[in-house]
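Student: No sequence on hand, only this structure:
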Ligand code: PMP
């Protein structure tokens, strides 16, 4: 099988896997224990926090370890909104956020907050001017993702941060950075970001661990209570092996960001060319979108059918983000971009790591051609 679903999850580095086993075996003391073994574990977390903070060019005290980006996004959005609800009841996000962001806002709506879900253009991008129109004196928080997980659209985060802070300096800016880190440059200070979420399994770390950057001075109402861990923002015994592994993967991902970007962009361009050559396919990602995500549709053919036809040839891809791939409705992200229901029901995402060979790439291109050839009579029948 050939794996082209790295935006869903990408294989951990071998030394990251070894690190997890080593820490589990050798450092199982509870970091909150006062004896030496507890202190050993606590020291490992301290070092990991320093490594992570260096990768983001922020202070160690601004890093909160979480169980992943779903938790990080929930903590950032609900934690900041509840903490600062004396400032107002208005919130802004987009129509194309990951479900962990989108549904956090839906829950806040049920709790009485007013949410503006900004639209995107045909390339999946938010216009910073739309923030100026939407933002109010009582806007507590704006949450915009860096890179969309389905179509790879890159949001103009710096311009958005600038717009938010010029219109209302008190409005908190949260960025879901999951699909951007390790692929694109990140500059939280320049972007004027207050809260930034990451997940390790998107950059060759383990699943079930992530972090939330919380700008110094910003307070959050914790979602998990019952312990003083993580500066009281995230109760529960720390997952020491995964925290150490996260830091290791994060350092490598940030050191290798440029080479990752140039390796996968070259491959992405070749896949784009193939898709453009195949009659019936419609490309939605482009040169200016994220280097590791290719997105296209085969209008008239349900995504799952093409996915399984590719799988029969050993190619593993995705219909959309892994978290919502089992839903049967057309993609919310594609509909927001103005695509028809037919197009939004036939999307396929190919996502890359930087370990694919030329032969694997050729097999993928071949499998795309063969699959569409096989399905064409079926598709023609449906379209006709
Ligand atoms: N945000 C984005 C943009 C994602 O792609 C994902 C993972 N699909 C998440 C959040 C959730 O991350 P996790 O798997 O760590 O909960």
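Tutor: Received it, and whenever you're ready, just let me know what you need. The shown structure was predicted, so the numbers you read here are calculated from the model rather than taken from an experiment. Numbering: from 1, shown residues only.
Student: quick one, what contacts whichever residue of the chain sits closest to the ligand?
Tutor: Distances between the chain and the ligand by C-beta to the nearest ligand atom are smallest at residue 68, namely 2.8 Å. Where C-beta positions appear, they are placed from N, C-alpha and C, glycine not excepted. By C-beta atoms under 8 Å, 6 or more residues apart in numbering, the residues touching residue 68 are 199-201, 207-210.
Student: now stretch 157-169: how far from the chain's centre is it?
Tutor: 21 Å (C-alpha atoms, centre = their mean, to the nearest Å).
Student: Briefly note if that stretch comes near the ligand.
Tutor: No: using C-beta under 6 Å from any ligand atom, stretch 157-169 stays clear of the ligand, coming no nearer than 13.3 Å.
Student: if we look at that stretch, which residues are touching it?
Tutor: For stretch 157-169, using C-beta under 8 Å, 6+ apart, the contacting residues are 126, 128-129, 131-132, 135-137, 139, 142, 144, 146, 171, 173, 175, 187, 190-193.
Student: Now do the buried residues in it.
Tutor: 157, 160-164, 167-168 (16 or more other C-beta atoms under 10 Å).
Student: next one: stretch 75-95
Tutor: So stretch 75-95, judged by 16+ other C-beta under 10 Å, has buried residues 75-85, 87-95.
Student: mind listing which of those residues are in strands?
Tutor: 90-94 (DSSP state E).
Student: Mind picking the two most distant members of the residues you listed?
Tutor: 90 and 94 (15.1 Å; C-beta to C-beta).
Student: about what we covered before: which of the contacts of residue 68 are close to the ligand?
Tutor: Within the contacts of residue 68, those near the ligand by C-beta under 6 Å from any ligand atom are 199, 210.
Student: Which one (most neighbours) among the contacts of residue 68?
Tutor: The residue in the contacts of residue 68 with the most neighbours, by other C-beta atoms under 10 Å, is residue 200 (31 neighbours).
Student: tell me the pLDDT at it?
Tutor: We have a pLDDT of 98 for residue 200.
Student: In contact with the closest residue to it other than its chain neighbours, which residues?
Tutor: Ranked by C-beta to C-beta, 6 or more residues apart in numbering and with sequence neighbours excluded, the top spatial neighbour of residue 200 is residue 246, at 4.2 Å. Contact partners of residue 246, counting by C-beta under 8 Å, 6+ apart, are 48, 52, 65, 200, 205-206, 209-211.
Student: taking those one by one, which sit in strands?
Tutor: Judged by DSSP E, strands contain the following of the contacts of residue 246: 65, 210-211.
Student: so can I have CSV of these showing pLDDT and distance to residue 286?
Tutor: Formatted as CSV, the ones in strands among the contacts of residue 246 follow (pLDDT from 0 to 100; distance: C-beta to C-beta, whole Å):
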residue, pLDDT, distance to residue 286
65, 98, 35
210, 98, 29
211, 98, 30
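Student: Among the residues you listed, which one sits closest to residue 280?
Tutor: Nearest to residue 280 out of these is residue 210 (C-beta to C-beta; 38.6 Å).
Student: give me every residue that touches the closest one.
Tutor: So residue 210 contacts 65-69, 71-72, 178, 197-200, 246 (C-beta under 8 Å, 6+ apart).
Student: rerun that using 10 Å as the cut-off
Tutor: Contacts here follow C-beta atoms under 10 Å, 6 or more residues apart in numbering; on that basis residue 210 touches 64-73, 178, 197-202, 242, 246.
Student: cool, residue 358 as well?
Tutor: 267, 270.
Student: which secondary element of the protein has the worst mean pLDDT?
Tutor: helix 358-383 (a mean of 90; mean pLDDT, DSSP states H and E).
Student: hmm, the longest strand belonging to the chain touching the ligand?
Tutor: Looking across the chain with DSSP E, the single longest strand is strand 139-145. Yes: Strand 139-145 lies within reach of the ligand by C-beta under 6 Å from any ligand atom, at residue 145.
Student: Direction-wise, compare that strand with strand 90-94 and give the angle.
Tutor: Strand 139-145 runs at 10 degrees relative to strand 90-94, counting by axes from the mean of the first three to the mean of the last three C-alpha atoms, to 10 degrees.
Student: any idea which element the residue most central in space within the chain lies in?
Tutor: The chain has residue 178 as the residue nearest its centroid, 2.9 Å off, counting by C-alpha atoms, centre = their mean. Assigned by DSSP states H and E, residue 178 belongs to neither a helix nor a strand.
Student: now swap in residue 218 and tell me
Tutor: Per DSSP H and E, there is no helix or strand for residue 218.
Student: wait, what's in contact with it?
Tutor: Contacts of residue 218 by C-beta under 10 Å, 6+ apart are 62, 76, 79-80, 83-84, 172, 194-195.
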